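> Okay, structure incoming, though there's no sequence with it:
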């Protein structure tokens, strides 16, 4: 179990998520924020599909990256932020469901680098199918404030 540096991590992470036009563009939400763990939910939309009718793999990678990145962000000091250094994703099954759930978790927390895992599930009629797994390296960033795109 990882302990957050910031007792107000959940509010800080939700505020950061709200600053992401990319997540708003695809209609993603962040309903779960816990220490070292987050979930991003994405309802199926026609404009997110690829040519076979599945949610596009790029969108799957996008929500996996954000869920795991925000899992890392729950543990960092309040004045810091995070950036993805790299990730590797395996697409295991088509993202074919009414809802995608991306679960992000921290595998190893370090002062500079944080190793995370992302899993994306397609939910159809209450049945969850694992459609992607990702391993990610996150860098803790100091001295770089986030931009509020709404201002």
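Now that the structure is in, tell me what you want to look at. The shown structure was predicted, so the numbers you read here are calculated from the model rather than taken from an experiment. Residues are numbered from 1 along each chain as shown.

> Need the phi and psi values for the most centrally placed residue in the chain.
In the chain, the centroid-proximal residue (CA atoms, centre = their mean) is residue 67; its distance is 1.4 Å. Dihedral pair for residue 67: phi -60, psi -50, per degrees, to the nearest 10.

> what's the answer for residue 23, then?
phi -70, psi -40.

> Distance check, it against residue 8.
21 Å (CB to CB, to the nearest Å). Every C-beta, even on glycine, is put in place using the N, C-alpha and C of the backbone.

> Does the residue nearest to the centre of the chain touch residue 38 like I think?
Yes: between residue 67 and residue 38 a contact is recorded at 5.3 Å, counting by CB atoms under 8 Å.

> Now the common contact residues for the two.
Common contact partners of residue 67 and residue 38 (CB atoms under 8 Å, 6 or more residues apart in numbering): 103, 104.

> circling back to that earlier point, what about residue 23 and residue 8, which has more around it?
residue 23 (19 against 10; other CB atoms under 10 Å).

> who does the lengthiest strand in the chain pair up with?
With secondary structure taken from DSSP state E, the chain has its longest strand at strand 127-142. If you go by DSSP bridges, strand 127-142 pairs up with strand 80-91 (antiparallel), strand 113-124 (antiparallel).

> Quick check: which of the ones you listed is buried the most?
Comparing the strands paired with strand 127-142 by mean neighbour count (mean count of other CB atoms under 10 Å), strand 113-124 ranks first with a mean of 20.

> Just the mean pLDDT for it, thanks.
Averaging pLDDT along strand 113-124 yields 98.

> How about the contacts made by the residue nearest to the centre of the chain?
Under the criterion of CB under 8 Å, 6+ apart, the neighbours of residue 67 are 38, 39, 40, 102, 103, 104, 118.

> Could you double-check that the first one lies in contact with residue 10?
No: in this structure, residue 38 sits apart from residue 10 without contact. The criterion is CB under 8 Å, and the distance is 9.5 Å.
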